[in-house]
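[1] Provided below for reference: sequence and predicted model.
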Amino acid sequence: MAGGAEAVRLGAEIERRERELRGLRERLAEVLAGESGADSEEGSAGVSAAAFPAELPPLPAQASLSAAAILRYSRQLVLPELGVRGQLRLARCSVLVVGCGGLGCPLAQYLAAAGIGRLGLVDHDVVETSNLHRQVLHGEARRGLPKAVSAAATLRLLNSTVHYVPYCGALSPSTALELVRQYDVVADCSDNVPTRYLVNDACVLAGKPLVSGSALRLEGQLVVYNYQGGPCYRCLFPKPPPPETVTNCADGGVLGVVPGIMGCIQALEVLKIASGMGSSFNQFMLMFDAREGKFRNIKLRPKKADCAVCGDNPSVTRLQDYEAFCGSSATDKCRTLHLLSSKDRISVEEYKKLLDEQVPHVLLDVRPQVEVDICRLAHAVHIPLSKLEEKSEEYLEYLKKRICEEKQRTNGQTSFPVYVVCKLGNDSQKAVRIIQELPVKAYGPVLAKDIKGGLMAWASKIDPTFPQY
Ligand SMILES: Nc1ncnc2c1ncn2[C@@H]1O[C@H](COP(=O)(O)OP(=O)(O)OP(=O)(O)O)[C@@H](O)[C@H]1O
Ligand SMILES: [Zn+2]
């Protein structure tokens, strides 16, 4: 009884402190967003938490550089390729950064340092611990805060003369065109296919150059779309890839410095376009292989006369539903596949109950070895999905052996349960399908089910000490 009362008291205390923490985060976000707005004067600029989308005043025209600007930008001013004329152009230029993550952070940092006139910073998400290894404008104290506000606050410390406009929301078909129209150059630093099509179409419809970057694992890519007669994203990729073939940073991993490098090259191309030097990546795709330390330029196909958005007779004349077009979400952090019916799936709570009741079964973990090395459930049998997909005899034999061993502990029940787990519950569904097709003759009747939400659901709902990654 005493233990129960203590548990209730502790539960209430945790809830109270979590409320307090939420309040503090909201206050900090307000302070960061309002800080510079409050003291901003004519000419100086700050962080304004703009409504989404907001009508912005034009950037002031400057005939010459102030003494302060000459000193600040002196090391780039003496470059004949830039000079005073180029610097003044930068000051007149506004750039919309879509995504303040791994690419957006370094990109915005160099644009702000170089003296771009206005930076629009779009992000719908908040800073998380697993962002910090690459999203270098955010720090530990910013966890839980909107990324757009956090980025703007850090950038303001770097260069307070730039006008920062954080937009804490998702760029969507209803907001994108109005927003893109207000900027001179757009940088796509997002991480999902629907947003790439959305940004592309908005840039074509608004006639804006699009500097697009991507980075995954140890590789990066960069293209400048819709610029000086070059192709748009749809010219090169008229159809979206099947959602299940797309890997994101959470699934595939990324070495933080790789988006750092690609974001810097994106910033370089933005600066070249903004200052009048021009970019040659409207004809070429830059590919970076970090393992080999190699950059390659791939010649692009020219703009397509029959492109759906930038062609001679476009069928896309206004923004569409890109999530429906791509079959995936633009804002979900984790891609969620629905390959199995509910009878072939169990929840982590149901699995915990089975464990507690010591129901004989095999737990099959289908994650790659590198993830199993990070954390695992001790009793799980490990066979990576790739080995199941290639029907590796060695691994299937191992599975059979483990099923037979466990089966001996039962009194000959007809269908032996195999529960399949992965990180998030996507690969486990693919594995269940493969196991369901195994010949009954060899394995005996097996009842395979996947564990919904995978080990991350286990960590958040069952065992808070289990690592999340
Ligand atoms: N439609 C959109 N509107 C606004 N922000 C977007 C949109 N699509 C993607 N983003 C933002 O783009 C950023 C991309 O950053 P990054 O590729 O580093 O991934 P992440 O989502 O932060 O990280 P992880 O995948 O590891 O959780 C994210 O901050 C994400 O919120
Ligand atoms: Zn096109």
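    That came in fine, so what should we check first? Ligands and ions are numbered 1, 2, ... in the order given.

[2] Show me where the stretch 301-450 of the chain has its helices.
    For the stretch 301-450 of the chain, the helices defined by DSSP state H, counting those that start in this stretch cover 322-326, 348-356, 369-372, 385-389, 393-407, 427-436, 440-443.

[3] Contacts for the third one, please.
    Applying C-beta atoms under 8 Å, 6 or more residues apart in numbering, the set of residues contacting helix 369-372 from outside is 365, 382, 384, 423, 469. In short, each C-beta sits where N, CA and C put it, glycine included.

[4] The last one: what's it in contact with?
    With contacts defined as C-beta under 8 Å, 6+ apart, residue 469 is in contact with 130, 371, 374, 375, 423.

[5] rerun at 10 Å
    130, 250, 253, 371, 374, 375, 423, 455, 456, 459 (C-beta atoms under 10 Å, 6 or more residues apart in numbering).

[6] gap between it and ligand 2?
    From residue 469 across to ligand 2, the span is 38 Å (C-beta to the ion, to the nearest Å).

[7] would you turn the helices of the stretch 301-450 of the chain into TSV with mean pLDDT and distance to ligand 1?
    Formatted as TSV, the helices of the stretch 301-450 of the chain follow (pLDDT from 0 to 100; distance: least, C-beta to the nearest ligand atom, whole Å):
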stretch	mean pLDDT	distance to ligand 1
helix 322-326	95	9
helix 348-356	98	21
helix 369-372	96	14
helix 385-389	96	20
helix 393-407	92	29
helix 427-436	95	17
helix 440-443	80	37
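
[8] closest one to ligand 2 among these?
    helix 322-326 (14.9 Å; C-beta to the ion).

[9] What is the closest one packed up against?
    helix 193-206 (3 or more C-beta pairs under 10 Å, 6 or more residues apart in numbering; DSSP states H and E).

[10] what about the helix it packs on and ligand 2, any contact?
    No: shown here: helix 193-206 not in contact with ligand 2 (C-beta under 5 Å from the ion), separated by at least 6.6 Å.

[11] what about dumping the CA coordinates of that helix to CSV?
    C-alpha atoms of helix 193-206 as CSV (Å, rounded to 0.1, in the frame of the first residue of the first chain):
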residue,chain,number,x,y,z
VAL,A,193,10.6,13.4,-51.3
PRO,A,194,7.2,15.2,-51.1
THR,A,195,8.9,18.4,-49.9
ARG,A,196,11.4,18.2,-52.8
TYR,A,197,8.6,18.1,-55.4
LEU,A,198,6.7,20.8,-53.5
VAL,A,199,9.8,23.2,-53.4
ASN,A,200,10.6,22.4,-57.0
ASP,A,201,7.1,23.2,-58.3
ALA,A,202,6.9,26.3,-56.2
CYS,A,203,10.2,27.5,-57.5
VAL,A,204,9.2,26.8,-61.1
LEU,A,205,5.9,28.6,-60.7
ALA,A,206,7.5,31.5,-59.0
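
[12] Which one of the residues in the stretch 1-150 of the chain is closest to ligand 1?
    residue 101 (1.9 Å; C-beta to the nearest ligand atom).

[13] And the helices in the stretch 101-250 of the chain, which stretches?
    Counting by DSSP H, counting those that start in this stretch, the helices of the stretch 101-250 of the chain are 104-114, 147-158, 176-181, 193-206, 233-236, 249-252.

[14] of all those, which has the lowest average per-residue confidence?
    The minimum mean pLDDT among the helices of the stretch 101-250 of the chain belongs to helix 249-252 (a mean of 78).

[15] which element follows that helix toward the C-terminus?
    helix 257-275 (DSSP states H and E).

[16] Show residues contacting the helix or strand that that following helix is followed by.
    Downstream of helix 257-275, the next assigned helix or strand under DSSP H and E is strand 284-289. Applying C-beta under 10 Å, 6+ apart, the external contacts of strand 284-289 come out as 212-213, 215, 218-224, 230, 236, 258, 261-262, 265-266, 269, 280, 294-300.

[17] re the thing from before, nearest to residue 140, out of the helices of the stretch 101-250 of the chain?
    Smallest distance to residue 140 across the helices of the stretch 101-250 of the chain (C-beta to C-beta): 11.2 Å, for helix 147-158.

[18] what's the most distant pair in the contacts of residue 469?
    253 and 459 (18.0 Å).

[19] For those two, indicate the residue with more neighbours.
    residue 459 (18 against 15; other C-beta atoms under 10 Å).

[20] Tell me how far the more buried one lies from residue 423.
    Distance, residue 459 to residue 423, by C-beta to C-beta, to the nearest Å: 10 Å.

[21] okay, and the common contacts of those two?
    375, 453, 468, 469.

[22] just the buried members of these?
    Neighbour-count burial (16 or more other C-beta atoms under 10 Å) applied to those gives residue 453.

[23] With secondary structure as extra columns, can I get the shared contacts of residue 459 and residue 423 in TSV?
    Shown next, in TSV, are the shared contacts of residue 459 and residue 423 (DSSP: H, G, I helix; E, B strand; the rest coil):
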residue	secondary structure
375	coil
453	coil
468	coil
469	coil
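
[24] Just the closest of the shared contacts of residue 459 and residue 423 to ligand 1, please.
    Distances from ligand 1 to the shared contacts of residue 459 and residue 423, taken by C-beta to the nearest ligand atom, are shortest for residue 469, at 10.1 Å.

[25] No further queries at this time; thank you.
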